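Trainee: quick one, what's the 3D model for this:
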Amino acid sequence: MFLFPEVLDALVLCTQHEISVLGVELMNVSPQGYLTEGISIYDVLLEGQSWHEFVLLNNSFGD
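Mentor: Predicted coordinates:
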């Protein structure tokens, strides 16, 4: 788990090393625990593009 804005650095590092980020969840910390505020719903298919192109497109939705 990464905090904002450090999560943006993690996305950059993942992209540089061709690691696809499969989802992003936004959470708030409360005395009761983690409360989900948002979940990513994008879907990028690997169709004809290179892995590098796929990672660039997929990870762009995380920032």
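Trainee: hey, let's count contacts and neighbours off CA atoms from now on
Mentor: Noted.
Trainee: let me see the ranges of the helices in the protein.
Mentor: In the chain, the segments counted as helices under DSSP state H are 6-16, 51-60.
Trainee: most tightly packed of the ones you listed?
Mentor: helix 51-60 (a mean of 17; mean count of other Cα atoms under 10 Å).
Trainee: could the C-alpha coordinates of that one be exported in CSV?
Mentor: Coordinates of each C-alpha in helix 51-60 appear next as CSV, following Å, rounded to 0.1, in the frame of the first residue of the first chain:
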residue,chain,number,x,y,z
TRP,A,51,4.0,-5.5,-23.7
HIS,A,52,5.7,-2.2,-23.3
GLU,A,53,2.9,-0.4,-25.1
PHE,A,54,0.3,-2.3,-23.0
VAL,A,55,2.1,-1.3,-19.7
LEU,A,56,2.2,2.4,-20.8
LEU,A,57,-1.5,2.5,-21.6
ASN,A,58,-2.6,0.4,-18.6
ASN,A,59,-0.5,2.3,-16.0
SER,A,60,-1.6,5.7,-17.4
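Trainee: rewinding a little: out of the helices of the chain, nearest to residue 30?
Mentor: helix 6-16 (19.7 Å; Cα to Cα).
Trainee: which helices and strands sit right next to that closest one?
Mentor: For helix 6-16, the packing partners by 3 or more Cα pairs under 8 Å, 6 or more residues apart in numbering; DSSP states H and E come out as helix 51-60.
Trainee: between the helix it packs on and helix 6-16, what angle do the directions make?
Mentor: In terms of direction (axes from the mean of the first three to the mean of the last three Cα atoms, to 10 degrees), helix 51-60 departs from helix 6-16 by 170 degrees.
Trainee: state the mean pLDDT of helix 51-60.
Mentor: Average pLDDT, helix 51-60: 91.
Trainee: quick one: closest of the helices of the chain to residue 41.
Mentor: helix 51-60 (11.7 Å).
Trainee: check which helices and strands that closest one sits against.
Mentor: For helix 51-60, the packing partners by 3+ Cα pairs under 8 Å, 6+ apart are helix 6-16.
Trainee: against residue 23, how distant is the residue lying farthest from the centre of the chain?
Mentor: Within the chain, the residue lying farthest from the chain centre (Cα atoms, centre = their mean) is residue 31, at 25.8 Å. Using Cα to Cα, to the nearest Å, we find residue 31 at a distance of 25 Å from residue 23.
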